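Colleague: Sequence and predicted structure, then a few things I'm wondering about:
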Amino acid sequence: MILSPMPEHDVLVVGAGLAGMRAAIEAQREGADVALMSKVYPVRSHSNAAQGGINAALSEGDSWESHAYDTVKGSDYLGDQDAIEILAREAPAAIVELENFGVAFNRDEHGRLGSRFFGGAEHARTYFVGDFTGQAILHVMFEQLLKHGLTTYDEWFVTQLVKDDQGAVRGVVALDMKSGRLELFRAKAVVFATGGMGRVYEPSTNALICTGDGMALAYRAGANLLDMEMVQFHPTTLKGNGALLSEAARGEGAYLLNKDGERFMKKTAPNKMELASRDVVSRAEQVEINEGRGVDGCVLLDMRHLGAELILERLPQIRELALEFLGVDIIHEPVPVRPGMHYQMGGIKADVEGRTTLDGLFAAGECACVSVHGGNRLGANSLLETVVFGRRAGRAAAQYAKSVGAPRVSEAWLRDEERFIASLFDRPPGERAAALRLEMGQTMTRDVGVFRTGEGLESARRTIAELKERWERVSVGDKGRVFNTNLVSVLELRNMLDLAEAVVASAIFRTESRGAHARLDYPKRDDANWLVHTVCRHTAAGPELSTMPVVITRWEPEERHY
Amino acid sequence: MEVTLRVFRFNPETDERPRWQEYRVTVEDYATVLDALIEVRESVDETLALRCSCRSHICGSCAMRINRRSGLACKTKVREVADADGVVTVEPMATMRVIKDLVVDLEPFFDKVRAVEPYLQPAGPPPEREYIASHEDMENVKGAQACILCGACVSACTVMEVDGSFLGPTALAKAWRFVADPRDAADEKRLTALSGPGGIWDCTHCFMCVEVCPKGVAPMERILDLRRRAMEAGLTDNNGSRHSQAFVDSISESGWLDETKVAIRSTSGPLELLGWAPVGIRSFVRGKVPLRHYKRPGAEHVKRIFRRLGELDGKGRRGRPGAGAGARAATPSNAPGKAGDAQ
Ligand SMILES: Cc1cc2nc3c(=O)[nH]c(=O)nc-3n(C[C@H](O)[C@H](O)[C@H](O)COP(=O)(O)OP(=O)(O)OC[C@H]3O[C@@H](n4cnc5c(N)ncnc54)[C@H](O)[C@@H]3O)c2cc1C
Ligand code: SF4
Ligand code: SF4
Ligand code: FES
């Protein structure tokens, strides 16, 4: 095959979910030559899955301060308050922009935007499109991408970050899925918007593509990861296949019951009840289950009192899911749910302009940790983060690109990567990637789940180390080059194992309980020692941990009550 | 439960032509066809290629043909499609080139979406805050915004099968979404473009896209609505709308279809009509064109119906083709599959 001249751009955005597309559009507006690369077509990205909505203090009586305070409190004071202020201040304009782009948001009787309540919030500030908000926004963002005529590399899987002689990031190596060819892409700035890492856990509400590639590549290239122990468990995932039942259910007034029919949330969150923040609700559920008041490893989500009409109009997808997988009609029966892995609060350390600790590399969206979610993300704040910080990272990357010369990276990067891929093909028949992934996922859920102990974490550390060793013997059964999903799954597994290791190491390191990180051996929040971020750095000897101060502007840490 | 998947296989690097391969796997009772395929890929045959991601019918990756019917593998329950022997047949989408196994080339598909300028084109700069729009209008638009660009409708479309130049149900439903959006101001430009060759008049109302769409988008309904809007906008100088009008005229005049007249009125002039002569002759030979077109008994009743509909419409005698002869166009989002089919 004749190779086209080496592709080169000012800004290369990797990841075409909401964060990546928003970043690319902004970088182009700043005058940069931009390209967007993604392992799936942009509209297949996981931003699709968001059902519930997106937050902004837009309504009468609400204020950005209130939104910011709810977010700070929700984060268990681990969120950086300067970043949270930006998130809350820029939210209204971001939502209006999405509306102006064409999103058919729900309206009130005056034809203005209409909102609903979400967990951990003092006001109804969640804006939505039926129960497919993420999909509606993602597709409209895609329309804007087409409008701006942006260059895209669809179904290209990035395998490596490349640097120049000074150590600045100046491009990537990527695999063209359709041909199986590797290619070196040069860029003055690279933006990672590669999304979450849900597949590190089993089960998870995340899509099959959420394998944390960007986090792992940046980590191996020397970027710092932040707060990786902060893994969110969503309180209402379906018994059985673990599908997400949106928080919209509780937003509309659903009850959580134990086997005695008791609304157990009154014990831990007498005011907000079922609408306390997610970490609080998930823990309360797990306590009921662990202490024998659950039903078959679950608790019950009861919507009967909401009435058929409201359920059919506002929660049709939830009803469909419960019917489809469990044969339960929520109009007549409560549905069994349990906490399920849902979101990674931590990620590549980035400042409010998306700058990472690596020169030339920017990050935004779920793969980044800015940190606005701290120890626990509030529902509907994540879509918001993608557009607010996606835009900022795109702008900063374009400006940065103006300040640097033509990217100079050696062809050796490409040849090394080609050799590495060839060595994978050459491995003798061995273990299957899928089997290892399952073991990793189950280990993480068991030992690094809603509750953690020093002992469990140590055992997880050993298992992951063992799996990493076994990965060296995983073989690629498919020897073809064209659309080889087997090869990709082996590469993804390698990324996930590195992240699992980082999560476990960070969880062992933080000897307190905060946000989603609940240690039974250290059950209290410890502000004196641990009001700090966990920093995780990759070294040849394994993860290296340190701390970094949390930015506090106006809200001093208090005890959390819901 | 046990299921046998009969899977279309094609590896361009080694196969001269496609082949079938059977896999027997055990899956949960509530498993989808996608779950079964993933089980194959993970524990039986790692070389099987398919696209999938969300497993919850929202990302649009897994459209394929299951027992010849286009749809999402993650929305299709094994137990609902397995035959008496527990066999399910799985093939890639039709009307698209196969890259490998169940993976097809989507570039032409996205090119067509691109061709309809699928982005909001408002008049003037955006307002300070959101556009004011009624709940009903947004609900209406939402119906088409639910499209996940999976391609199942294109795979099932009977026109796409024979005519690659047709924009197809996905792109046309996407175009409708903007024409129906009160915030968009490019209706005239859009409708003009859509009335050209390969556009709204090439659909044969076969209903396939309505039937297979996993998101209730009902592309055909949107196409019919676009036709109505195009004709109302006076875009009648094309064979499609001429044909539609001639059709209604013929029925309302004589109670049945006068093929010859409809052909004459549908074409732009004698030269084009001459081009249709072979079809005319073949139809005649096969007895499809009667020698004399006479008024049917009961034609008066038909006329009365048209008159009455015209009064109801407040639009005079002329029907509103595209929404059924003279019927009020159903709003696509609230009446999928209900609008009358005139042909
Ligand atoms: C079921 C569910 C419901 C949710 N509901 C809500 C909600 O209601 N409100 C809310 O605010 N948040 C919600 N979230 C969270 C939110 O959807 C995500 O955090 C957010 O959409 C992430 O967007 P992103 O742009 O960062 O990444 P994604 O949309 O995940 O995009 C990642 C992109 O990176 C690309 N990529 C990854 N790796 C590579 C690679 N190696 N090479 C090339 N490309 C790569 C992918 O192809 C993709 O394009 C929900 C999440 C889930 C799972
Ligand atoms: S109704 Fe029209 S667009 Fe839909 S499948 Fe049939 S011919 Fe294609
Ligand atoms: S209209 Fe329906 S079938 Fe067609 S692409 Fe959209 S969602 Fe898929
Ligand atoms: S896997 Fe996403 S639509 Fe089927």
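Modeller: Happy to help now that I have it. Ligands and ions are numbered 1, 2, ... in the order given.

Colleague: hmm, who's touching stretch A:528-539?
Modeller: Stretch A:528-539 is contacted by residues A:77-78, A:219-220, A:222, A:224-229, A:346, A:349, A:371, A:498, A:502, A:505-506, A:509-512, A:514, A:543-550, A:557 when judged by Cβ atoms under 8 Å, 6 or more residues apart in numbering or on different chains. In this view, the C-beta of every residue, glycine as well, is placed from N, C-alpha and C.

Colleague: One more: stretch B:41-53?
Modeller: A:40, A:44, A:46, A:207-209, A:432, A:434-435, A:476-478, A:480, A:482-486, B:7, B:9, B:11, B:21, B:23, B:25, B:34, B:37-38, B:40, B:59, B:61-62, B:64, B:73-74, B:99-103.

Colleague: Where does the stretch 201-343 of chain B get nearest to chain A, which residue?
Modeller: Nearest to chain A, among the residues of the stretch 201-343 of chain B, is B:Lys215, at 8.9 Å (Cβ to the nearest Cβ).

Colleague: and the nearest residue to that residue once chain neighbours are set aside, how many neighbours does it have?
Modeller: In space, B:Lys215 comes closest to B:Ala146 once its chain neighbours are excluded; the distance is 4.5 Å by Cβ to Cβ, 6 or more residues apart in numbering or on different chains. For B:Ala146, the neighbour count with other Cβ atoms under 10 Å in any protein chain shown is 23.

Colleague: If I look at B:Ala146, what pLDDT would I see?
Modeller: For B:Ala146, the model assigns a pLDDT of 93.

Colleague: picking that back up, give me the ChimeraX select line for the contacts of stretch A:528-539, limited to the buried ones.
Modeller: ChimeraX command restricting the contacts of stretch A:528-539 to the buried ones, with burial defined by 16 or more other Cβ atoms under 10 Å in any protein chain shown:
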select /A:77,78,219,222,224,225,226,227,228,229,346,349,371,498,502,505,506,509,510,512,514,543,545,550
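
Colleague: right, and the helix or strand after the strand or helix carrying A:Met37?
Modeller: Assessed by DSSP states H and E, A:Met37 sits inside strand A:34-38. Per DSSP H and E, the first helix or strand lying C-terminal to strand A:34-38 is strand A:54-55.

Colleague: And that next one, what does it pack against?
Modeller: In this structure, strand A:54-55 makes packing contacts with helix A:81-101, strand A:126-127, helix A:382-402, judged by 3 or more Cβ pairs under 8 Å, 6 or more residues apart in numbering or on different chains; DSSP states H and E.

Colleague: Which parts of stretch A:72-82 count as buried, going by neighbours?
Modeller: Using 16+ other Cβ under 10 Å as the burial criterion, the residues of stretch A:72-82 that qualify are A:72-81.

Colleague: Out of the contacts of stretch A:528-539, list just those in helices.
Modeller: Those of these mapping onto helices are A:219-220, A:498, A:502, A:505-506, A:509, per DSSP state H.

Colleague: Farthest-apart pair in these, please.
Modeller: The largest distance within the ones in helices among the contacts of stretch A:528-539, taken as Cβ to Cβ, falls between A:Arg220 and A:Phe509 and amounts to 19.5 Å.

Colleague: Now for A:Cys369: which residues touch it?
Modeller: Contact analysis of A:Cys369 by Cβ under 8 Å, 6+ apart lists A:225-227, A:345-350.

Colleague: May I see those arranged in JSON lines, with distance to A:His305 as well?
Modeller: As requested, those are exported to JSON lines (distance: Cβ to Cβ, whole Å):
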{"residue": "A:Leu225", "distance to A:His305": "44"}
{"residue": "A:Leu226", "distance to A:His305": "42"}
{"residue": "A:Asp227", "distance to A:His305": "38"}
{"residue": "A:Met345", "distance to A:His305": "33"}
{"residue": "A:Gly346", "distance to A:His305": "38"}
{"residue": "A:Gly347", "distance to A:His305": "39"}
{"residue": "A:Ile348", "distance to A:His305": "44"}
{"residue": "A:Lys349", "distance to A:His305": "45"}
{"residue": "A:Ala350", "distance to A:His305": "44"}
